[in-house]
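*Asks:* return a 3D structure for these sequence lines:
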Amino acid sequence: MAKAMNGQKAVTPTADALVASAKAAGKGGLPPVHLWNPPFCGDLDMRIARDGTWFYLGTPIGRFELVKLFSSILKKEDGKYFLVTPVEKVGITVDDAPFVAVDFNATGAGAAQVLTFQTHVGDHVSAGPDHPIRVERDASTGEPAPYVHVRADLEALIDRKSFYRLVERGETVDGWFGLWSGCQFFRMIPAAELDLA
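*Replies:* Take a look at the predicted model:
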């Protein structure tokens with residue numbers, strides 16, 4: 001629930017209000033959410049699952065256009081996720097990363113290779129110095145979870161089929177197995193561990 005301010009009645013944030021504000025603010029490309037610092041209006045019962053499915057009030061949001069719109073006003077601050085418009089900011093839950101990279105295209109080879117990822121909401125991003133790839137490994141199982149930076153501290157989890165395709169393009173450099181993209185080498189796993197697998 002939003003708190004009352006200046007003696008006014010508290011207003012509970014709603015998805016419909018966010019849709020209207022986001023449509024008005026987002027004409028002509030991605031809205032400039034990095035410039036917006038509206039007051040916090042409370043948490044919204046909205047969640048992004050690890051597979052990229054968006055839920056509102058426990059029900060999957062089935063309309064792609066709506067998910068794409070919400071994803072365009074997503075912002076991360078101090079490790080928390082918010083949907084923001086010029087006039088309001090509401091908290092949401094994100095299970096892992098807010099985006100999922102569902103495919104990629106590779107051009108070039110070696111250090112000149114460029115890996116361009118597509119997210120489940122239609123973003124395209126080429127990995128490189130401004131959009132690094134990183135791999136987290138589960139402490140108990142050692143299973144890798146690869147990510148690529150999309151924009152403004154927001155990442156995409158690279159899906160399993162894409163990750164397997166990436167591994168086929170990997171190389172060993174200075175004792176690390178990893179990937180080249182945009183003239184930068186991204187470490188994935190120590191080559192010694194790969195030899196033992």
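*Asks:* verify the contact between Lys89 and Leu83 for me.
*Replies:* Yes - using Cβ atoms under 8 Å, Lys89 is in contact with Leu83, at 7.4 Å. C-beta here means a position set from N, CA and C on the backbone, and glycine is covered the same way.
*Asks:* of the two, who's got more company?
*Replies:* Neighbour tally, Lys89 and Leu83, criterion other Cβ atoms under 10 Å: the higher count belongs to Leu83, 25 against 21.
*Asks:* contact partners for that one?
*Replies:* Taking Cβ atoms under 8 Å, 6 or more residues apart in numbering as the criterion, Leu83 is in contact with 18, 22, 44, 46, 70, 73-75, 89-90, 92.
*Asks:* rank the residues you listed by pLDDT and give me only the lowest.
*Replies:* pLDDT across the contacts of Leu83 is lowest for Ala22, at 69.
*Asks:* now the closest residue to Gly175 other than its chain neighbours: phi and psi?
*Replies:* Spatial nearest neighbour of Gly175, excluding adjacent residues (Cβ to Cβ, 6 or more residues apart in numbering): Ala191 at 5.3 Å. Note on Ala191: its backbone torsions stand at phi -60, psi -30 [degrees, to the nearest 10].
*Asks:* what's the burial count for the closest residue to Pro60 other than its chain neighbours?
*Replies:* Once flanking residues are discounted, Pro60 sits nearest to Thr53: 5.4 Å by Cβ to Cβ, 6+ apart. Neighbour count of Thr53, defined by other Cβ under 10 Å: 15.
*Asks:* the closest residue to Lys68 other than its chain neighbours and Val67, how far apart?
*Replies:* Distance criterion Cβ to Cβ, 6+ apart; nearest residue to Lys68, sequence neighbours excluded, is Val121 at 4.9 Å. Distance from Val121 to Val67, counting by Cβ to Cβ, to the nearest Å: 6 Å.
*Asks:* same question for Arg50.
*Replies:* For Arg50 relative to Val67 (Cβ to Cβ), the value is 15 Å.
*Asks:* so which of the two has more stuff around it?
*Replies:* A direct count of neighbours by other Cβ under 10 Å for Arg50 and Val67 places Val67 higher, at 20 against 12.
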